[in-house]
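# No letters, just coordinates:
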């Protein structure tokens with residue numbers, strides 16, 4: 001039987017707003033709050049109840065949290081959000097989520113701007129309260145701040161390599177004006193400064209950045225670790241920010257990852273499938289990138305929606321020889337009428353023609369001999385395989401070979417969701 005592993009991906013929480021968001025056409029602001037609370041479901045509770053149900057699936061082996069647990073650097077709400085996640089999905093329990101299965105990253109809204117070093121020397125101290133919130137749960141070093149965090153999951157003999165890194169080092173840093181301009185502004189503000197502290201003057205003329213960026217050394221370490229992985233391991237990278245520009249115009253300064261182009265090129269140079277998970281844009285595109293300089297490159301970008309809107313389950317499917325075949329993204333989304341629906345599955349093959357030889361064996365070759373351009377029924381296929389192999393393979397064995405060939409885009413399967421006897425299979429002509 002084909003094997004698969006699943007990870008839950010949670011997007012931006014923004015806890016101050018999320019905890020009070022309710023479902024309903026709530027136009028009468030004068031209505032008693034107790035009445036509204038009693039009749040209107042809370043969106044976050046509905047989603048997290050479903051997350052808890054899905055997490056009970058034994059094939060779910062990891063949890064990815066994409067950052068922005070709070071808004072505008074509200075550290076009290078960040079701590080409350082961590083406590084809330086612990087209450088609902090037990091993020092503080094090493095029995096439920098061992099350290100190697102839980103990855104969390106900082107978001108730009110998690111950064112308290114007042115903690116940024118005014119001289120711009122220390123880029124990391126501003127993350128200390130976030131680290132402390134997880135340390136309080138016993139999750140020491142769970143948050144990647146000054147380096148990448150890497151863990152390996154190996155349930156059932158299959159391998160997922162999880163990496164998380166900090167894309168928020170430029171968030172909250174100050175932009176310093178040239179000395180000449182500073183002197184001229186000081187003259188203009190001299191009178192103002194007689195009655196106000198310098199910090200207020202900075203609010204008038206200064207600027208704090210919201211500049212997504214990776215540390216170059218972190219990226220190089222990530223690429224080195226990915227290059228050292230076995231072919232049977234799937235690298236999954238988690239960060240807060242999107243690498244590709246979002247699909248709609250965003251009129252705002254410092255909106256994109258400023259070294260995103262370099263980052264994606266270095267990932268492509270690994271010449272293997274890589275899954276990059278992120279939040280930030282409050283949208284949920286699933287996009288692929290390849291680089292003609294690296295024919296085997298395939299980067300799959302998976303964005304999670306805001307948590308009140310739903311979440312993703314990322315399922316990795318493996319072949320009989322433990323090589324990764326493909327990825328299924330199950331999209332759980334909240335509806336206007338108070339339910340969480342599985343709104344569809346996006347299927348993305350991870351193995352293409354360039355690596356077909358790695359999957360070649362006598363059963364796959366026999367399948368392609370038996371199948372022609374016209375659909376044949378499962379029993380005919382099974383009999384044909386008996387003639388080719390000398391033995392009659394059981395239903396599960398034939399099913400595995402057919403599914404593997406389908407992932408490799410070698411055959412087309414009709415009625416594949418029904419029991420085996422209803423399947424019809426044909427070879428896809430090159």
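Great, that's in hand. Since this is a predicted model, take the numbers as computed values, not measurements.

# Touching, residue 57 and residue 6? I think so.
Yes. Proximity of residue 57 to residue 6 meets the contact threshold set by C-beta atoms under 8 Å, at 6.6 Å. For the C-beta atoms, the positions are set from N, CA and C on the backbone; glycine is no exception.

# for the stretch 51-200 of the chain, what spans make up the helices?
For the stretch 51-200 of the chain, applying DSSP state H, counting those that start in this stretch gives helices covering 75-89, 128-135, 179-193, 198-205.

# Pairing partners for the helix or strand immediately after the last one in the chain, with directions?
Scanning the chain past helix 198-205 towards its C-terminal end, the next helix or strand to appear is strand 208-211 (assignment: DSSP states H and E). With DSSP bridges as the test, strand 208-211 is paired with strand 170-174 (antiparallel).

# The partner strand: how far from the chain's middle?
A distance of 24 Å separates the C-alpha centroid of strand 170-174 from that of its chain, computed with C-alpha atoms, centre = their mean, to the nearest Å.

# What of stretch 19-29?
Averaged over its C-alpha atoms, stretch 19-29 has a centre that lies 29 Å from its chain's centre (C-alpha atoms, centre = their mean).

# Can you get me the start-to-end distance on it?
Stretch 19-29 has an end-to-end distance of 18 Å (criterion: C-alpha to C-alpha, to the nearest Å).

# next one: stretch 124-137
Using C-alpha to C-alpha, one end of stretch 124-137 lies 21 Å from the other.

# Check stretch 133-140 too.
Taking C-alpha to C-alpha as the measure, stretch 133-140 stretches 10 Å from start to finish.

# From the rest of the structure, what touches that stretch?
Where contact means C-beta atoms under 8 Å, 6 or more residues apart in numbering, the residues beyond stretch 133-140 that reach it are 75, 78-79, 82, 86, 91-92, 94, 99, 102, 104, 142-143.

# Could I get the buried residue list for it?
Neighbour-count burial for stretch 133-140, counted by 16 or more other C-beta atoms under 10 Å, picks out 133-134, 137, 139.

# For the stretch 201-350 of the chain, which residues score under the pLDDT cut-off?
Filtered on pLDDT under 70, the stretch 201-350 of the chain yields the residue ranges 201-207, 254.

# how does the protein divide up, domain by domain?
3-26+33-168+216-354, 174-205, 360-427 (automatic domain parsing).

# so the most centrally placed residue in the chain bridges to which residues?
The geometric centre of the chain, computed from its C-alpha atoms, lies nearest to residue 277 (C-alpha atoms, centre = their mean), at 2.4 Å. When bridges are assigned using DSSP bridges, the partners listed for residue 277 are residue 238, residue 302.

# OK, contacts around it?
Residue 277 sits next to 9, 64, 66, 236-239, 302-304, 314 when contact means C-beta under 8 Å, 6+ apart.

# Could you rerun that using 7 Å?
9, 64, 66, 236-238, 302 (C-beta atoms under 7 Å, 6 or more residues apart in numbering).

# Residue 57 and residue 6: who's more crowded?
Summary of the neighbour comparison: residue 57 and residue 6, criterion other C-beta atoms under 10 Å, with residue 6 having more neighbours (19 against 11).

# could you list every residue that touches the closest residue to residue 337 other than its chain neighbours?
Nearest residue to residue 337, sequence neighbours excluded (C-beta to C-beta, 6 or more residues apart in numbering): residue 23, at 7.7 Å. Applying C-beta under 7 Å, 6+ apart to residue 23 gives the contacts 40-41, 43, 336, 338.

# Same list, those, but as TSV with distance to residue 377, secondary structure and neighbour count please.
Listed next are the contacts of residue 23 as TSV, based on distance: C-beta to C-beta, whole Å; DSSP: H, G, I helix; E, B strand; the rest coil; neighbours: other C-beta atoms under 10 Å:
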residue	distance to residue 377	secondary structure	neighbour count
40	52	coil	15
41	47	coil	14
43	47	helix	23
336	43	coil	8
338	43	coil	14
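
# and which of those is nearest to residue 409?
Distances from these to residue 409 were compared by C-beta to C-beta; the smallest belongs to residue 336, at 37.3 Å.

# contacting residues for the closest one?
Residue 336 sits next to residue 23 when contact means C-beta under 7 Å, 6+ apart.

# cool, the one 4 residues further on as well?
The contact partners of residue 340, by C-beta under 7 Å, 6+ apart, come to 46-47, 50, 310, 332, 334.

# Against residue 315, how distant is the closest residue to residue 103 other than its chain neighbours?
The spatial neighbour of residue 103 that comes closest, neighbours along the chain excluded (C-beta to C-beta, 6+ apart), is residue 164 at 4.4 Å. From residue 164 over to residue 315 the distance is 20 Å, taken as C-beta to C-beta, to the nearest Å.

# which of the two has more neighbours?
Neighbours per residue, other C-beta under 10 Å: of residue 164 and residue 315, the larger number sits with residue 164, 28 against 18.

# Now do the same contact list for that one.
Residue 164 makes contact with 103, 105, 144, 148-149, 238-239 under the criterion C-beta under 7 Å, 6+ apart.

# switch the cut-off to 6 Å
Going by C-beta atoms under 6 Å, 6 or more residues apart in numbering, residue 164 touches 103, 105, 144, 149, 238.

# cool, residue 80 as well?
Applying C-beta under 6 Å, 6+ apart, one finds that residue 80 lies in contact with no residue.

# redo that, cut-off 10 Å
When the contact criterion is C-beta atoms under 10 Å, 6 or more residues apart in numbering, the partners of residue 80 are 15-16, 19, 69-70, 74, 133.

# same question, residue 421
The neighbourhood of residue 421, defined by C-beta under 10 Å, 6+ apart, consists of 377-379, 382, 395, 415.

# Go again with 8 Å.
With contacts taken as C-beta under 8 Å, 6+ apart, residue 421 has the following neighbours: 378-379.

# I believe it is in a helix; please confirm or correct that.
Yes. Counting by DSSP: H, G, I helix; E, B strand; the rest coil, residue 421 is found in a helix.

# how much space between it and residue 41?
With distances taken as C-beta to C-beta, residue 421 is found 43 Å from residue 41.

# and the closest residue in space to residue 366 that isn't next to it in sequence, helix, strand or coil?
Computed as C-beta to C-beta, 6+ apart, the closest residue to residue 366 that is not its neighbour in sequence is residue 388, at 3.8 Å. Here residue 388 is helix, with the state taken from three-state DSSP.

# can I get the contacts of residue 80 in JSON lines with pLDDT?
Shown next, in JSON lines, are the contacts of residue 80 (pLDDT from 0 to 100):
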{"residue": "15", "pLDDT": "94"}
{"residue": "16", "pLDDT": "88"}
{"residue": "19", "pLDDT": "86"}
{"residue": "69", "pLDDT": "98"}
{"residue": "70", "pLDDT": "97"}
{"residue": "74", "pLDDT": "96"}
{"residue": "133", "pLDDT": "97"}
